[in-house]
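# here you go, sequence then predicted model.
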Amino acid sequence: MTNNSIEPLNIGNTINTAFRLYRDRFPTYVFFAVRACLWSLLPLVLQLILSQLLYQTITPEQGSDIGLRLFIFPIQIFSAAKYLFNNAVISRLAFQDIIYQPETAGQAEKKVKPKMWRLWWMQVLIGLLGAAIILPITLSLVLVSFIPILGVLLILPASFCLAFFFLWLSARIYIAELPLVIEDNLGSWQAIKRGWHLTKNSAWRIVGVMFIASLLIIPVYILSVALASIPFWFNSSEDWQTLAENPLFFRQMAMFSYGLITIFLLLSILLVPFWQSLKSVIYNHLLDQKKNDGGEY
């Protein structure tokens, strides 16, 4: 499955390859996606339980909220690290399949586990880097918006350009996780730089891959929202005119909320492995391209 061509990143082939990887090891990938999802939910569930036990309400009092948040904060950090670790295992499994050196789930876990905190720290660095870029730009736009006429003339084109800039920036750091997971002796910042180097001439093709993949997935989300809103389909026009006095409406709202949350969690479990596989395919292609070009990688 290794790409021996030096042709530019092909959107259709990349998505098809990622889907084949996802299909071939579906049970294994979903197992790690479930674990990642459960770890991400742990702080929220724990906070709800403790709030109910300690304060007899889902939302604690304002004064006691600080202590609860301080208690939950280390758990949030650890849960985030475990979430990233489980997702990274999927990426490694997919990449090893691409290069015809498949690993078992246990082997992949063993290779990725020592890098768990480096994965977490890498996300922190990416967040800090994004904030360092976004905050000055946002502040400049706010200041410019106060200038009569000039602000109106500049704010719209600037916002339009910024959208493309952030798409380009996202593509440049999209595969940063892979060098850290696959290669040995890389630190968090080194992995970010390696990903930046590999995507140097392919950022817009990566944006194209993500855009087309998103278009294919969006109908699934639309259908899910439609299914979750089934309770509303049986409302008559009179019901909607007296919502505040209709207790059925609030029950339907609760059903809609719980249904939507459940469906989106299930979709996350099913779709995260696809996105992780897609990262691995892109990383493999860019790596091969650098090798064929004779460049450092």
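The structure has been received and is ready for your questions.

# how about the helices in this protein?
11-24, 26-55, 62-98, 105-112, 116-145, 150-172, 177-182, 188-198, 203-228, 237-241, 247-293 (DSSP state H).

# name the stretch among the ones you listed that sits most buried.
helix 177-182 (a mean of 24; mean count of other Cβ atoms under 10 Å). All C-beta atoms are positioned from the backbone trio N, CA, C, and that covers glycine.

# for it, what does the pLDDT average out to?
Averaged across helix 177-182, pLDDT comes to 94.

# report all helices and strands that that helix contacts.
helix 62-98, helix 116-145, helix 188-198, helix 247-293 (3 or more Cβ pairs under 8 Å, 6 or more residues apart in numbering; DSSP states H and E).

# quick one, which of those helices is nearest to Tyr221?
Evaluated over the helices and strands packed on helix 177-182, closeness to Tyr221 peaks at helix 247-293, with 6.8 Å, by Cβ to Cβ.

# tell me the angle the closest one makes with helix 62-98.
40 degrees (axes from the mean of the first three to the mean of the last three Cα atoms, to 10 degrees).

# how far does helix 247-293 sit from its chain's centre?
7 Å (Cα atoms, centre = their mean, to the nearest Å).

# which of the helices of the chain has the lowest mean pLDDT?
Minimum mean pLDDT among the helices of the chain: helix 237-241, a mean of 49.

# returning to that earlier point: include distance to Asn10 when you put the helices and strands packed on helix 177-182 into JSON lines, please.
Output for the helices and strands packed on helix 177-182, formatted as JSON lines (distance: least, Cβ to Cβ, whole Å):
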{"stretch": "helix 62-98", "distance to Asn10": "15"}
{"stretch": "helix 116-145", "distance to Asn10": "27"}
{"stretch": "helix 188-198", "distance to Asn10": "17"}
{"stretch": "helix 247-293", "distance to Asn10": "8"}
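
# ok, which of these comes nearest Thr104?
Of all the helices and strands packed on helix 177-182, helix 62-98 comes closest under Cβ to Cβ, at 8.7 Å.

# just to revisit the earlier point, the helices and strands packed on helix 177-182: which one's closest to Arg172?
helix 188-198 (5.5 Å).

# which helices and strands sit right next to the closest one?
Using 3+ Cβ pairs under 8 Å, 6+ apart, helix 188-198 is in contact with helix 116-145, helix 177-182, helix 247-293.

# try 6 Å this time
helix 116-145, helix 177-182 (3 or more Cβ pairs under 6 Å, 6 or more residues apart in numbering; DSSP states H and E).

# what about dumping the CA coordinates of that helix to PDB?
Written as PDB, here are the backbone C-alpha positions of helix 188-198 (Å, rounded to 0.1, in the frame of the first residue of the first chain):
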ATOM      1  CA  SER A 188       7.100  17.600  21.000                       C
ATOM      2  CA  TRP A 189       8.500  20.700  19.400                       C
ATOM      3  CA  GLN A 190      10.700  18.600  17.000                       C
ATOM      4  CA  ALA A 191       7.600  16.700  15.900                       C
ATOM      5  CA  ILE A 192       5.800  20.000  15.100                       C
ATOM      6  CA  LYS A 193       8.800  21.200  13.100                       C
ATOM      7  CA  ARG A 194       9.000  17.900  11.300                       C
ATOM      8  CA  GLY A 195       5.300  18.100  10.300                       C
ATOM      9  CA  TRP A 196       5.700  21.700   9.300                       C
ATOM     10  CA  HIS A 197       8.700  20.700   7.000                       C
ATOM     11  CA  LEU A 198       6.800  17.800   5.400                       C
END
